[in-house]
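turn this into a model:
(2 chains)
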Amino acid sequence: MEAGLHFRNVSKRIRSKPLVENVSFSVYPGEVFGLLGPNGAGKTTLIRLAVGLITMSQGEIIIDGHSLRESFSQAIQRVGAIVETPAFYDFLTGYQNLVHYANLSDRVERERIDELVERLNMGNYIYSKVGTYSLGMKQRLGIAQAMLHRPSVLILDEPTNGLDPLGIKELRETIRQLAERENVAVLVSSHLLAEMEMMCDRVGIINKGRMVSIRKLADGDVQNRWFEVDKADQAYTVIRTKYPHAVLAVTEKTLKVQADPQMTALINEALVQAGIAVYGITAESRSLEDLFMEDTENEISGQINLE
Amino acid sequence: MRSLARLIWNEYLKMIYRTSTLVMCGGLMALILFSFALDRWYNPFYTGYWQAVASQSWLSFFIMVMAVILAGRIIADEFQWGTIKFLLIRPAGRSRILFVKYGAVLCFCFFLLMVLFLCSMILNWIFQPQGVADPSLPSKEENGNGSAVGMVLKLYALRMVEIAVYAGISFMISALFKSVALATGLTFFFMLFGPETANQLGTSGFGSYFLFHHTGLSQYAQWNVTESVFSLAESLGVVLIHLAIFYGIAWIRFTKQDVF
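Have a look, this model is predicted:
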């Protein structure tokens, strides 16, 4: 069985107008995967396809080994989701809302509701009518609603919309916790780059209904680094012979390489052994924004880079 | 089975915790009592016990009105509130949710009808306790075979079918257009002009299958049955086929649509 959430060549067209074309990606247990793209790029369509609110025209979505199209109940029972802003029955209390949603799944005991109420710190207001809740409180109730049946896949559409900074921070921590401690596969969508950068392990960049690229966002990854040296020409020759794939560019006083931290140390060692003075090493920090701009521009110029 | 019961409980939770439902129920009870009072005041001795119970069954009309409102709301509201998205992403599945929603409206109306029936029995008993034991029906020979109790039960059963039909129409429109106003408005329009259209249409040929020839089912359980063109079985048949079609349309719409 393939755990997690898998999109395989999924397309959605409405009257032959494509909303999403041939999208494939996987979200694995313990990982937070972000869907990133401008408004109208198709993020929400992908999210709604993943929870079965809309049907796909082509392709397949597999959740923990179950096809969403062929065995909906089996597949969806492993999914918890918030689609858009969490909407509740205002005239019921938070607790009654949770009981209502628990009744729609199998095997949710009252103890589970109590446990979530405690864990999400909703004890103060869970017996008040939802009509009196703030957006942050509703968002928390939304998370509780999504976690009731202990899903292995959590899907959140624009989860930070309308939250204040403190609420955003709390939500981010909750999401990371769920992924890391409970091994949940999390799919989030957002158009806020900074937000995604802090929350996600990988991001899929969506533009005009297509998956433009999938990027890993971990620290200590392969990065461009600048070596500031006294004799750049000599440094270039040394490294070129030893690590032919690392070197990217050379100027009068600097050498630009592409390397992970370990490789960086090796290059430094080689330079020092060759008698070249290394004044400094700078990692070029490329923000998600750069990646995003780069990928969407690449796409415009026709080079689609699928990882 | 257990899960079906929990789903129906969910629908009740959403019905009875709304102030508007409670107000409607309260209004219904007030109307029923008021109309009993009128009955007693103006017509104190006009009938026997069972006849009084039978004739007061017309008050089920108010339950029908409430059924139309409840059925018109039960789907459209979920869309309007946005809660439909949480509802449809559960293992329960769309077909089951649709079935439960219509079932919940019918069960609730059945309950109200039972309340009406019991109120009617008790209040009439207070006014004429001696009449309960008298099972005789008024003189009409052709109806002499059944007991008074049987006739009253049949009457209430047919009232329930009438309620189910108009609830069904409202439910279908609610599923189709997701608008409470349209669902209740159109259904009341049909309620008002349907029978009149039936009269205009006549009972020859295909016109005889027109739904509103057959919705006045309670006429088949009156002690003073007037000559009617159709038999009870024919009318029930037409009504049930229409209901099946309405439900089918609602089902196709509700289960096949994309929810954005």
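
C-alpha only now, for contacts and for neighbours.
Noted.

in which helix or strand would I find residue 111?
Because you didn't say which chain, this covers chain A. Counting by DSSP states H and E, the secondary-structure element that holds residue A:111 is helix A:110-119.

you looked at the wrong chain, it should be chain B
For residue B:111, the secondary-structure element it belongs to, assigned by DSSP H and E, is helix B:94-127.

what parts of chain B come near chain A?
B:3, B:6-7, B:10, B:13-14, B:17-18, B:81-83, B:85-93, B:257-260 (C-alpha under 8 Å from any C-alpha of the partner chain).

burial measure for the closest residue to residue A:103 other than its chain neighbours, as a count.
With C-alpha to C-alpha, 6 or more residues apart in numbering or on different chains as the measure, residue B:6 is the residue that lies nearest to residue A:103, at 5.8 Å, once sequence neighbours are left out. In terms of burial, residue B:6 registers 17 neighbours under the definition other C-alpha atoms under 10 Å in any protein chain shown.

now residue A:80
Residues near residue A:80, counting by other C-alpha under 10 Å: 27.

from chain B, how far out is it?
Applying C-alpha to the nearest C-alpha, to the nearest Å, one obtains 8 Å for the distance of residue A:80 from chain B.

report the contact partners of the residue of the stretch 101-250 of chain B found nearest chain A.
Taking C-alpha to the nearest C-alpha as the measure, the point where the stretch 101-250 of chain B comes nearest chain A is residue B:101, at 13.1 Å. When the contact criterion is C-alpha atoms under 8 Å, 6 or more residues apart in numbering or on different chains, the partners of residue B:101 are B:8, B:11, B:74, B:75.

redo that, cut-off 6 Å
Applying C-alpha atoms under 6 Å, 6 or more residues apart in numbering or on different chains, one finds that residue B:101 lies in contact with no residue.

on that earlier part again, now the element after the helix holding residue B:111, going C-ward?
Moving toward the C-terminus from helix B:94-127, the first helix or strand encountered (DSSP H and E) is helix B:148-177.

for residue A:133, list the residues it contacts.
By C-alpha under 6 Å, 6+ apart, residue A:133 lies in contact with nothing.

what distance do you get for it to chain B?
From residue A:133 to chain B the distance is 15 Å (C-alpha to the nearest C-alpha).

can you report phi and psi for that residue?
Geometry field for residue A:133 lists phi and psi as phi -80, psi 150, criterion degrees, to the nearest 10.

and what of the one 4 residues further on?
Summarising the backbone geometry of residue A:137 under the convention degrees, to the nearest 10, its torsions are phi -70, psi -40.

strands along the stretch 151-260 of chain B, start to end?
Chain-ordered strands for the stretch 151-260 of chain B, with DSSP state E, counting those that start in this stretch as the definition, do not occur.

show me where pLDDT drops low in it?
Low-confidence segments of the stretch 151-260 of chain B (pLDDT under 70): B:222-227.

in it, which residue sits nearest chain A?
The minimum distance from the stretch 151-260 of chain B to chain A, using C-alpha to the nearest C-alpha, falls at residue B:258 (4.3 Å).

could you pull out the strands for the stretch 101-250 of chain A?
Across the stretch 101-250 of chain A, reading from the start of the chain, the strands by DSSP E, counting those that start in this stretch fall at A:153-157, A:185-190, A:202-207, A:210-216, A:223-229, A:247-250.

save these as a markdown table, and put in distance to chain B too.
Supplementary listing: those in a markdown table, determined by distance: least, C-alpha to the nearest C-alpha, whole Å:
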| stretch | distance to chain B |
| --- | --- |
| strand A:153-157 | 11 |
| strand A:185-190 | 15 |
| strand A:202-207 | 19 |
| strand A:210-216 | 19 |
| strand A:223-229 | 40 |
| strand A:247-250 | 47 |
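
out of those strands, which gets the lowest mean score?
Ranked by mean pLDDT, the strands of the stretch 101-250 of chain A end with strand A:247-250 in last place, scoring a mean of 79.

any idea which helix or strand comes after that strand?
With DSSP H and E, the next secondary element past strand A:247-250 is strand A:254-259.

pLDDT averaged over that next one - what is it?
For strand A:254-259, mean pLDDT is 83.

show me the contact partners of it.
For strand A:254-259, contacts defined as C-alpha under 6 Å, 6+ apart pick out A:222-229, A:232, A:246-250.

selecting buried members of these in PyMOL, what would you type?
What follows is the PyMOL syntax for the buried subset of those, where burial is set by 16 or more other C-alpha atoms under 10 Å in any protein chain shown:
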select buried, chain A and resi 222+223+224+225+226+227+228+229+232+246+247+250
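
and the contacts of strand A:254-259, which is closest to residue B:53?
Sorting these by distance to residue B:53 puts residue A:222 at the head of the list, at 86.0 Å, by C-alpha to C-alpha.

just checking, what packs against the longest helix belonging to chain A?
For chain A, the helix that runs over the most residues, judged by DSSP state H, is helix A:165-182. Judged by 3 or more C-alpha pairs under 6 Å, 6 or more residues apart in numbering or on different chains; DSSP states H and E, helix A:165-182 has no packing partners among the helices and strands.

which residues touch the nearest residue to residue A:141 once chain neighbours are set aside?
Residue nearest to residue A:141 in three dimensions, not counting chain neighbours: residue A:94, with 7.1 Å by C-alpha to C-alpha, 6+ apart. Residue A:94 makes contact with A:126, A:127, A:130 under the criterion C-alpha under 6 Å, 6+ apart.

tell me, how many residues neighbour the first one?
Applying the criterion other C-alpha under 10 Å, we find 21 residues in the vicinity of residue A:126.

same question for the helix holding residue B:111, mean pLDDT?
Helix B:94-127 shows a mean pLDDT of 92 in the predicted model.

returning to what we had before: give me the contacts around the longest helix of chain A.
Everything outside helix A:165-182 that qualifies as a contact, by C-alpha under 6 Å, 6+ apart, is A:30, A:31, A:160, A:184.

the residue lying closest to residue B:151 once chain neighbours are set aside and residue A:2, how far apart?
For residue B:151, ignoring the flanking residues on the chain, the nearest one in space by C-alpha to C-alpha, 6+ apart is residue B:221 at 6.2 Å. Applying C-alpha to C-alpha, to the nearest Å, the value for residue B:221 to residue A:2 is 63 Å.

do the same with residue B:114
Taken as C-alpha to C-alpha, the span from residue B:114 to residue A:2 is 54 Å.

same check, this time on residue A:113
Using C-alpha to C-alpha, one obtains 29 Å as the distance from residue A:113 to residue A:2.

neighbour count: those two, which is higher?
Of the pair residue A:113 and residue A:2, residue A:113 is the one with more neighbours under other C-alpha under 10 Å, namely 20 against 11.

before we move on, what's the pLDDT of that one?
Predicted confidence (pLDDT) for residue A:113: 94.

who touches the residue nearest to the spatial centre of chain B in this structure?
Among the residues of chain B, the smallest C-alpha distance to the mean C-alpha position (C-alpha atoms, centre = their mean) belongs to residue B:163, namely 1.4 Å. For residue B:163, the contact set (C-alpha under 6 Å, 6+ apart) comprises residue B:64.

mind redoing it with 10 Å?
Residues touching residue B:163, when contacts are defined by C-alpha atoms under 10 Å, 6 or more residues apart in numbering or on different chains, comprise B:60-68, B:106, B:109-110, B:113, B:157, B:215.
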